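A.B. asks: Here is a sequence with its predicted model. Questions after.
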Amino acid sequence: MTKNFSYIGILSLVFAMFIWASSFIALKTAINDLEPYTVIFLRMLLASLCFVYFIKDFIKYDFSKSDIKYIILLAFFEPCLYFIFEAKAIQLTTASQVGMITSLMPIITAIAAGYFLKEIISKQLVIGSLIALCGAVWLSLQAVSSVSAPNPILGNFFELLAMVCGAGYTIVARYLSEKYSALFITAIQVFIGTIFFFPFFLYEYTTTDLNFTTNAILCVVYLGVVVTLGGYGLYNYALTKIEASKAAVFIYLIPVFTLILAYLLLDEKLSITEFIACITILFGVFISETPLKKILKFINRK
């Protein structure tokens, strides 16, 4: 099995996208009672506590000055700037519009990976990405959200900035994955994120009334343990198996999983059009990720 095609890498990405999709529901719920940066800080803090046990293993790494620079850059992209922009976007726009902007990340990542990592961008990847992009935009436009959107244009702009940061994170994580484990890359993110968001938390704690309800606390725990550890852990592991430009294509699955979770948890119904859009996205991801030889071999069997 080649590094360009890894079943375990693809499976890791699918689960990571599912977990990240669920974070929208958890974050929306938590923000109903708590301020956004308080939720993010507590999320980072909980995740950091989960990694304390592994610190003794992390200090064994031989860190160069160049590595430290890239580690700081990694955390700067995500979680620092990424969550600042995402928190604002979630407050200002709808989930459907966020999903539409999210679908732009693979294209941004592919361009960046081709330039910085010299990864080859195949015609198959481009075609699959465009198909998935069309499906994601179609799905996002059809999605119905009950969440208010006081300033959709500004919210969409913030989400676009978050996607740029996400692309930058993917490129740097891919570079660091050549030397460091997915566990370490995930841990260093949350350690730095906890420190970075602490002043934001103090400000909200001293200036607003925080309502620590049971639902809010459960959502924060889910975000901190399952989403941060599971989502980022699986994604970072997948980057050791799959090229960054190809891994980013799986972002298209987030709107699909979000819609499914909304149907199961919020009793929102899938229309025929939304169902077709979901199939279009999955088809685009399949085209992008499956080697052409395997596709032709499957067709010939038929």
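C.D. replies: Okay, I see it.
A.B. asks: Give the burial count for residue 67, as a bare number.
C.D. replies: Counted with other C-beta atoms under 10 Å, the neighbours of residue 67 add up to 15. Backbone N, C-alpha and C define where each C-beta goes, glycine included.
A.B. asks: residue contacts, it?
C.D. replies: Contacts for residue 67 (C-beta atoms under 8 Å, 6 or more residues apart in numbering) come out as 176, 179-180.
A.B. asks: change it to 7 Å
C.D. replies: Each residue near residue 67 by C-beta atoms under 7 Å, 6 or more residues apart in numbering is listed here: residue 179.
A.B. asks: Okay, and residue 191 sits in which element?
C.D. replies: Assigned by DSSP states H and E, residue 191 belongs to helix 182-207.
A.B. asks: shaky segments in the stretch 51-200 of the chain?
C.D. replies: 95-96, 142-149 (pLDDT under 70).
A.B. asks: tell me what the helix holding residue 191 is packed against?
C.D. replies: Counting by 3 or more C-beta pairs under 7 Å, 6 or more residues apart in numbering; DSSP states H and E, the packing neighbours recorded for helix 182-207 are helix 36-51, helix 65-75, helix 232-238.
A.B. asks: what sits up against the following helix or strand past the last one?
C.D. replies: Same thing as helix 232-238. The first helix or strand that comes after helix 232-238 along the chain, using DSSP H and E, is helix 244-247. Applying C-beta under 7 Å, 6+ apart, the contact partners of helix 244-247 are 13, 109-110, 113-114, 117, 119, 121, 125, 170-171, 174, 238-239, 288-289.
A.B. asks: Just the buried subset of those residues, please.
C.D. replies: 13, 109-110, 113, 119, 121, 125, 170-171, 174, 238-239, 288-289 (16 or more other C-beta atoms under 10 Å).
A.B. asks: quick one: which of those residues sit in helices?
C.D. replies: 13, 109-110, 113, 125, 170-171, 174, 238, 288-289 (DSSP state H).
A.B. asks: thinking again about what came up before, make TSV from the helices and strands packed on helix 182-207 and add distance to residue 261 to it.
C.D. replies: What follows is those, written out as TSV (distance: least, C-beta to C-beta, whole Å):
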stretch	distance to residue 261
helix 36-51	18
helix 65-75	28
helix 232-238	17
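A.B. asks: Out of those helices, which is the most enclosed?
C.D. replies: Of all the helices and strands packed on helix 182-207, helix 232-238 carries the top mean neighbour count, a mean of 24, counting by mean count of other C-beta atoms under 10 Å.
A.B. asks: Against which helices or strands is that helix packed?
C.D. replies: Counting contacts by 3+ C-beta pairs under 7 Å, 6+ apart, helix 232-238 packs against helix 7-31, helix 182-207.
A.B. asks: from the buried ones among the contacts of helix 244-247, which is closest to residue 207?
C.D. replies: residue 170 (34.7 Å; C-beta to C-beta).
A.B. asks: show me what contacts the closest one?
C.D. replies: By C-beta under 7 Å, 6+ apart, residue 170 lies in contact with 109, 244, 247-248.
A.B. asks: Go through those residues and name the one nearest residue 131.
C.D. replies: residue 248 (15.0 Å).
A.B. asks: how deep is the residue lying closest to residue 242 once chain neighbours are set aside tucked in, by neighbour count?
C.D. replies: Spatial nearest neighbour of residue 242, chain neighbours left out: residue 9 (4.3 Å); criterion: C-beta to C-beta, 6 or more residues apart in numbering. Residue 9 has 23 neighbouring residues, counting by other C-beta under 10 Å.
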